[in-house]
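Student: With the sequence up front, the predicted model follows.
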Amino acid sequence: MDGSAPAPDPRPGSSPPELHGEALTARIDEILSAQAKHFASGRTLPREAREEALRALLHAFETKEKLIFDALHADLHKCATEAYFTEAGFTTAEIKHALRNLGRWMKPETSLSPLAVAPSRSFVHHQPLGLNLIIAPWNYPVQLAFAPLVGALAAGNVAVLKPSELAPASSAACAEIAREAFPEELVAVLEGGIETSQALLQRRWDHIFFTGGTSVGRIVAKAGAEHLARVTLELGGKSPTIVTASADLDVAARRIAWAKGVNAGQTCVAPDYVLVEAAVHDGLVSRLKAAFVDFYGQDPQRSPDYGRIVNERHFQRLVRLLDPDKVAHGGEHDEADRYLAPTLMTEVTMDDAVMADEIFGPILPILRVDSLDEAIATIGQRPNPLALYLFTTERADENKVIERVSFGGGCINNAITHLGDPKLPFGGIGTSGAGAYHGHYSFEVFSHRKAVMKSANFLDPAIKYPPYEGKLGIFRRLIG
């Protein structure tokens with residue numbers, strides 16, 4: 001291509017045409033120059049400016065709700081209710097939480113300074129990082145673009161959003177929401193594919209916030225390292241579910257089935273596989289089957305509440321994981337509709353293809369274990385998962401898992417619901433991510449904790465200055 005921009009699309013509400021080559025480079029330069037000047041002006045810093053930006057985003061979400069619902073249905077076949085509680089409602093709750101608490105978050109954290117530096121007082125000032133790049137994935141394409149942005153705005157930053165091209169309707173909706181809510185010097189959206197992502201990653205950012213897979217996460221981390229930018233990675237992994245013999249199987253089955261069925265299993269914290277004590281294996285499987293039927297009927301393809309796989313490539317990937325001899329429930333699929341039924345696989349071993357990588361779809365392998373200790377050992381053989389779910393009625397089991405297993409976050413006797421509490425940090429560890437956000441933690445991840453000590457002038461003891469002869473004992477008492 002010659003790098004020139006194609007003619008504008010005349011359809012109302014449509015996205016600008018995707019840019020390439022020199023046109024893309026020029027557009028990025030234009031945005032970054034405007035945002036750098038805007039941030040340097042200090043206009044993002046006052047509390048009033050931050051609240052105004054958050055209210056503008058809230059208003060856009062409230063007035064564009066139908067646009068969001070339609071886009072999510074087009075990309076992922078999400079029903080309005082699921083689109084609300086996992087995306088639109090989730091994000092507006094984040095905005096409202098930030099508005100309620102912003103004044104408290106912005107206050108300096110003060111403390112008394114030690115005697116050795118008296119007369120002084122110390123405080124931590126939260127300084128915005130500056131220019132932020134937020135790269136969103138396709139599975140929750142609206143929420144995972146704007147929920148991090150809430151923290152960026154609350155902390156006083158500017159930002160560029162890069163939505164996922166694999167959810168094109170949602171990408172266009174994100175661009176329209178941002179255009180309505182913000183001037184580009186505050187928040188800009190750049191749509192496009194791999195070329196756009198690569199071009200953005202070549203630029204110098206103060207902070208890159210990426211949600212997606214581990215392989216791309218490594219690329220993002222390297223790009224950040226080139227410019228010594230702060231990088232937050234929200235990745236994934238095979239999040240295990242443990243069901244002990246003491247668990248309430250009826251409750252466990254409903255909650256596991258619901259968490260797996262949301263977004264057709266395309267959730268980074270979905271239960272990826274179940275480790276169940278042998279004594280309750282059959283009881284859990286039968287209840288899981290019943291729960292899926294209760295939720296989506298005998299033919300989930302006809303259910304208005306059940307989603308679809310995002311594209312043909314991911315559909316084919318998931319179908320290849322199915323072993324017909326081990327499918328205990330579901331397994332039906334329709335390529336033309338990108339439909340894959342909620343599926344249970346039993347008698348699975350660690351050598352099966354379905355256990356190699358994160359599934360990211362509606363297939364749930366179930367493995368027998370003889371004890372909780374065996375389950376813990378099995379999880380320990382894999383990289384750190386983003387989430388873990390434990391179903392038990394024994395406090396000793398809870399303590400053992402929390403103390404001995406490394407994971408990003410999780411639930412006891414529930415699944416994926418920990419994301420709904422803005423007071424909890426959400427993030428991974430090791431290969432499942434670096435950094436955490438939601439609520440106050442979003443404000444923190446987009447801020448630098450600047451340490452400041454302020455000393456008074458009325459007292460300036462000579463003991464701290466040279467010559468030091470004879471003063472070692474005094475310093476020992478003051479500092480030690």
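Tutor: Yes, it's here.

Student: Determine the longest helix present in the protein.
Tutor: The single longest helix within the chain, with elements called by DSSP state H, is helix 21-40.

Student: Report the buried residues of stretch 76-92.
Tutor: Within stretch 76-92, the residues that qualify as buried are 76-78, 80, 82-84, 86-92, counting by 16 or more other Cβ atoms under 10 Å. Placement of C-beta: from N, CA and C, glycine included.

Student: should've said stretch 208-224
Tutor: Applying 16+ other Cβ under 10 Å to stretch 208-224 flags 208-214, 216-217, 220, 223-224 as buried.

Student: which strands and helices sit next to the lowest-mean-pLDDT helix or strand in the chain?
Tutor: Ranked by mean pLDDT, DSSP states H and E, the weakest helix or strand in the chain is helix 472-479, scoring a mean of 88. For helix 472-479, not one helix or strand is in contact under the criterion 3 or more Cβ pairs under 8 Å, 6 or more residues apart in numbering; DSSP states H and E.

Student: now what about that helix, what contacts it?
Tutor: For helix 472-479, contacts defined as Cβ atoms under 8 Å, 6 or more residues apart in numbering pick out 115-116, 463, 468.

Student: which pair in the residues you listed spans the largest distance?
Tutor: Between any two of these, the greatest separation by Cβ to Cβ is 18.1 Å, found for Leu115 and Tyr468.

Student: one step back: and of the buried residues of stretch 76-92, the nearest to Val369?
Tutor: Distances from Val369 to those, taken by Cβ to Cβ, are shortest for Thr86, at 30.9 Å.

Student: That closest one contacts Val142, doesn't it?
Tutor: No. Look at Thr86 against Val142 with Cβ atoms under 8 Å: they stay out of range, at 9.2 Å.

Student: Sort out for me which of the buried residues of stretch 208-224 are in strands.
Tutor: 208-211 (DSSP state E).

Student: ok, now how distant is the residue nearest to the spatial centre of the chain from Ala436?
Tutor: Note on the chain: the residue nearest the mean C-alpha position is Glu234, at 5.1 Å, using Cα atoms, centre = their mean. In this view, Glu234 and Ala436 are 9 Å apart by Cβ to Cβ, to the nearest Å.

Student: shared neighbours of the two, which are they?
Tutor: What both Glu234 and Ala436 touch, as defined by Cβ under 8 Å, 6+ apart, is the set 426-427.

Student: any residues touching the particular helix or strand that has Leu284 in it, and which ones?
Tutor: Following DSSP states H and E, the helix or strand that holds Leu284 is helix 281-296. For helix 281-296, the surrounding residues in contact (Cβ under 8 Å, 6+ apart) are 243, 249-250, 252-254, 256-258, 261, 274, 276, 300, 303, 305-306, 328-330, 342, 344, 346, 364, 366, 368.

Student: residues of that helix that come out buried?
Tutor: 281, 283-285, 287-289, 291-292, 295-296.

Student: same thing with stretch 187-202?
Tutor: By neighbour count on 16+ other Cβ under 10 Å, the buried set for stretch 187-202 is 187-192, 196-197, 199-201.

Student: now do stretch 393-403
Tutor: Under 16+ other Cβ under 10 Å, the buried positions of stretch 393-403 are 397, 400-401.

Student: Quickly name whichever of these is closest to Pro324.
Tutor: Val401 (33.5 Å).

Student: Now neighbour count too, for the contacts of helix 472-479, in TSV please.
Tutor: Shown next, in TSV, are the contacts of helix 472-479 (neighbours: other Cβ atoms under 10 Å):
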residue	neighbour count
Leu115	11
Ala116	12
Ile463	9
Tyr468	11
